[in-house]
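Student: sequence plus predicted model, see below.
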Amino acid sequence: MESTLGAGIVIAEALQYQLAWLENVWLWVTFLGDPKILFLFYFPAAYYASRRVGIAVLWISLITEWLNLIFKWFLFGDRPFWWVHESGYYSQAPAQVATRARSRWVRVMPSLAYCTFLLAVGLSRIFILAHFPHQVLAGLITGAVLGWLMTPRVPVERELSFYGLTALALMLGSSLIYWTLFTLGLDLSWSISLAFKWCERPEWIHMDSRPFASLSRDSGAALGLGIALHSPCYAQVRRAQLGNGQKIACLVLAMGLLGPLDWLGHPPQISLFYIFNFLKYTLWPCLVLALVPWAVHMFSAQEAPPIHSS
């Protein structure tokens, strides 16, 4: 394992020395690959393009982030995978374009652009020393396999209790593993303690780096998905079948609401932060699936001119 880590450091140093002039590009690319951007942009964009794909993107995010949390405790210390959670579903979009296009280059370009994006995000994570190369590769393979397995099994039409139990299982399962390892003498927050000790500016240490930050996000989103799918607003909008213009309006409005929600401050106490994060991401799917489409639908209905019969 030490040799693998050493080789990863050599590769990261080579990238930093040889491609230092691309630093701003790498930072921007790694921002686009951040899990929070998936919730902020990829999830609503996918959902308004295709209901099933959007819900699938959210599900694959919940599962892979949970696995990320667990596997980094067992296998990789404090270095998480970069999970390619979109791979099993966003690859459907290039496939659909390919089947409808006659030109070979038109058929190839979407898949080529998609693979280029995955490669760029992986290299950017190595460049900024967020992950080792073997972690990027492991995340790519695991994400592809998980996407392939889940494609025909996306939970959509389930009882509300199913989503509540999923959120509870995510929390209890990881908590049990965490406290078991802690009892065995493994300090899973060792890097945070060192960061507070040696970092020149402790305010640079974000709450999101805490062990259960992603867990509170994922469990909240799982519960919020169930609440949204069983809400009266969702039922009304689903029967209405929004048009393309309405879907674009939904995306714009959702981004306008989710952006400020994401930048909201948080309590300084860690326990209150977890509760706040859970509630915030419980609201997230409710906005995207139910409240925003319902508001756009109601506004469009009011603006539509009356139809006069002859």
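Tutor: Arrived safely, thanks for sending.
Student: return the backbone torsion pair for V154.
Tutor: Note on V154: backbone dihedrals following degrees, to the nearest 10 are phi -70, psi 120.
Student: do the one 4 residues further on as well
Tutor: Taking degrees, to the nearest 10, you get phi -130, psi 160 for the backbone angles of R158.
Student: contacts only, for it.
Tutor: Listed by CB atoms under 8 Å, 6 or more residues apart in numbering, the contact partners of R158 are G226, L229. Heads up, the C-betas are built off the backbone N, CA and C, glycines and all.
Student: low-confidence ranges in the stretch 101-250 of the chain?
Tutor: 101-107, 110, 147, 150-152, 187-209, 211 (pLDDT under 70).
Student: need the helices for it, in chain order.
Tutor: 104-127, 133-150, 160-183, 190-198, 213-229, 232-240, 244-262 (DSSP state H, counting those that start in this stretch).
Student: nearest to V57, of these?
Tutor: helix 133-150 (9.9 Å; CB to CB).
Student: name the residues of the closest one that are buried.
Tutor: The neighbour-count check on helix 133-150 (16 or more other CB atoms under 10 Å) flags P133, H134, Q135, V136, A138, G139, L140, T142, G143, L146, G147, M150 as buried.
Student: S214 against T64, yeah?
Tutor: No. Between S214 and T64 there is no contact under CB atoms under 8 Å: 10.2 Å.
Student: show me which of the two is the more surrounded one.
Tutor: Neighbour totals were compared for S214 and T64, and T64 leads with 25 against 22 (other CB atoms under 10 Å).
Student: which SS state does the more buried one fall under?
Tutor: Secondary structure, DSSP: H, G, I helix; E, B strand; the rest coil: T64 is helix.
Student: can I assume it is in contact with L146?
Tutor: Yes. Between T64 and L146 there is a contact at 6.4 Å, judged by CB under 8 Å.
Student: before we move on, back to that, can I get the helices of the stretch 101-250 of the chain in JSON lines including distance to T30?
Tutor: Converted to JSON lines, these look like this (distance: least, CB to CB, whole Å):
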{"stretch": "helix 104-127", "distance to T30": "4"}
{"stretch": "helix 133-150", "distance to T30": "11"}
{"stretch": "helix 160-183", "distance to T30": "25"}
{"stretch": "helix 190-198", "distance to T30": "19"}
{"stretch": "helix 213-229", "distance to T30": "17"}
{"stretch": "helix 232-240", "distance to T30": "34"}
{"stretch": "helix 244-262", "distance to T30": "17"}
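Student: okay, those, which one's buried deepest?
Tutor: Among those, judged by mean count of other CB atoms under 10 Å, the one packed with the most neighbours on average is helix 213-229 (a mean of 24).
Student: alpha carbons of that helix, as PDB, please.
Tutor: Presented in PDB, the C-alpha positions along helix 213-229 are these (Å, rounded to 0.1, in the frame of the first residue of the first chain):
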ATOM      1  CA  ALA A 213     -21.500  16.100   6.900                       C
ATOM      2  CA  SER A 214     -22.100  14.100   3.800                       C
ATOM      3  CA  LEU A 215     -24.200  11.600   5.700                       C
ATOM      4  CA  SER A 216     -26.600  14.300   7.000                       C
ATOM      5  CA  ARG A 217     -26.900  15.500   3.400                       C
ATOM      6  CA  ASP A 218     -27.600  12.100   2.000                       C
ATOM      7  CA  SER A 219     -30.100  11.000   4.600                       C
ATOM      8  CA  GLY A 220     -31.900  14.300   4.400                       C
ATOM      9  CA  ALA A 221     -32.200  14.000   0.600                       C
ATOM     10  CA  ALA A 222     -33.500  10.500   0.900                       C
ATOM     11  CA  LEU A 223     -36.300  11.500   3.200                       C
ATOM     12  CA  GLY A 224     -37.000  14.700   1.200                       C
ATOM     13  CA  LEU A 225     -37.300  12.600  -2.000                       C
ATOM     14  CA  GLY A 226     -40.100  10.500  -0.400                       C
ATOM     15  CA  ILE A 227     -41.900  13.600   0.900                       C
ATOM     16  CA  ALA A 228     -41.700  15.200  -2.500                       C
ATOM     17  CA  LEU A 229     -43.000  12.200  -4.400                       C
END
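Student: measure how that helix sits relative to helix 232-240, angle-wise.
Tutor: 60 degrees (axes from the mean of the first three to the mean of the last three CA atoms, to 10 degrees).
Student: so how far is helix 213-229 off the chain centroid?
Tutor: Remark: helix 213-229 is offset 12 Å from the chain centroid, using CA atoms, centre = their mean, to the nearest Å.
Student: please apply the same query to stretch 31-50.
Tutor: Centroid displacement of stretch 31-50 relative to its chain, using CA atoms, centre = their mean, is 7 Å.
Student: could you do stretch 45-64 as well?
Tutor: With CA atoms, centre = their mean as the basis, stretch 45-64 stands 9 Å off its chain's centre.
Student: ok, back up a step: redo the buried residues of helix 133-150 as CSV? Include distance to L272.
Tutor: Shown next, in CSV, are the buried residues of helix 133-150 (distance: CB to CB, whole Å):
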residue, distance to L272
P133, 38
H134, 37
Q135, 31
V136, 34
A138, 34
G139, 31
L140, 36
T142, 33
G143, 33
L146, 33
G147, 35
M150, 34
